[in-house]
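1. Next comes the sequence, and after it the predicted model I'd like to discuss.
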Amino acid sequence: MNAHTPAPLRFFHHPQSRSRIVRWMLEECGATYEPVPLEFGTTMKAPEYLALNPMGKVPALQHGDRVITETAAILAYLADLFPQKQLAPALGDPARGTYYRWLFFVAGPVEAAITAKAEGWLAQQTSEQALRAGFGRFDDVVRSLQLAVQGRRYVCGNHFTAADLCLASYIGWGMMEGSLPSLPEFKAYAEPLLQRPASQRGDALDGPMETEAAAAV
C-alpha cells in the first residue's frame, strides 16, 4: 500500500453485480485491499453490513473509518486516492469537466435507462413521462453514448481514465445483456478497454466466486 493510503481498504462485493467494475478499478490502481464477498438477500442484508451501507447493496468500499458507496463515487474516490496512476485529470485541468460529465452520465441516465429497458418499463412510455425522466428517452441515451465514444479511444484527453472504465463496463455489460444495442461504435470503443490487463485480472479473481454463485442458483 502506498504512502497515500495508510488505512486499509475493504471491498464489499459480489461478482454478479456492479462491484465487478470496482474490482477492475482497484486492479488498475494497484491497490492492496481486502475483498469481502457478500451474498444477495443474506449477508448483504445482515445488520453488520447494513450498518455500513443501509441500502444493503454492493459495491461498497471502506477506507479506514470512511465508507464510500455507489459505483461512480468509488471510482472517483480511488482515482484521487492513487493520483500517480493518472486515472483522473488533475484538478484545474479542463478535461476534469469532461471526465465528470461522462462518469456521472453513466451513473445517472445510462444506469436508469438500461435498467428500465431491461425490466420492460419503457414499452408504454409517454412523452410526458419522458419529460419527467432524467434520462429522457432510451434512444436519447444511446445517441449520447454513441457521440461520446465515436472515433475515440478515450473520452477525455489522450489517456485512459476512470470515466473510460465506467463507460466501457456499462457498454460491454449492456451489449452482453441486450439492454444496449451492439453498435459498431460501442464495440470499437469498449472491447479494447475490456481487454486491459487490470480488467482481465479482475475477471480472473472473480471467476471462482461467480462459478460458485451460478452453481447455487
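-> Received it, and whenever you're ready, just let me know what you need.
2. The protein: helices as residue ranges?
-> 19-29, 47-50, 71-81, 95-105, 111-118, 127-132, 138-149, 162-177, 184-194, 197-216 (DSSP state H).
3. What is the burial count for Ala31?
-> Neighbour count for Ala31, taken as other CB atoms under 10 Å: 18. C-beta: built from backbone N, CA, C; applies to glycine.
4. got a list of what the nearest residue to it once chain neighbours are set aside touches?
-> In this structure, Ala31 finds its nearest non-sequential neighbour in Leu9, 5.8 Å apart by CB to CB, 6 or more residues apart in numbering. Residues near Leu9 by CB atoms under 8 Å, 6 or more residues apart in numbering: 1, 26, 31-34, 61-63.
5. ok, now Phe11?
-> Contacts of Phe11 (CB under 8 Å, 6+ apart): 19, 22-23, 26, 33-36, 59-61.
6. Quickly list what it is bridged to.
-> For Phe11, the beta-bridge partners are Pro35, Leu61 (DSSP bridges).
7. Next, the buried residues of stretch 172-188.
-> 172-175, 179-180, 183, 185-186 (16 or more other CB atoms under 10 Å).
8. In CSV: the residues you listed, plus distance to Ile74 and pLDDT.
-> Below are the buried residues of stretch 172-188 laid out as CSV (distance: CB to CB, whole Å; pLDDT from 0 to 100):
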residue, distance to Ile74, pLDDT
Gly172, 18, 97
Trp173, 17, 95
Gly174, 20, 95
Met175, 23, 96
Ser179, 22, 93
Leu180, 22, 96
Leu183, 28, 98
Glu185, 27, 98
Phe186, 24, 98
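9. related to what we said a few turns ago, quick one, which of the helices of the chain is packed in tightest?
-> helix 19-29 (a mean of 24; mean count of other CB atoms under 10 Å).
10. Which strands and helices lie in contact with it?
-> When contacts are defined as 3 or more CB pairs under 8 Å, 6 or more residues apart in numbering; DSSP states H and E, helix 19-29 packs onto strand 9-13, helix 71-81, helix 162-177, helix 197-216.
11. how does it look with 6 Å?
-> For helix 19-29, the elements it packs on are helix 71-81, helix 197-216, judged by 3 or more CB pairs under 6 Å, 6 or more residues apart in numbering; DSSP states H and E.
12. want to throw these into a markdown table with mean pLDDT?
-> Shown next, in a markdown table, are those (pLDDT from 0 to 100):
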| stretch | mean pLDDT |
| --- | --- |
| helix 71-81 | 98 |
| helix 197-216 | 79 |
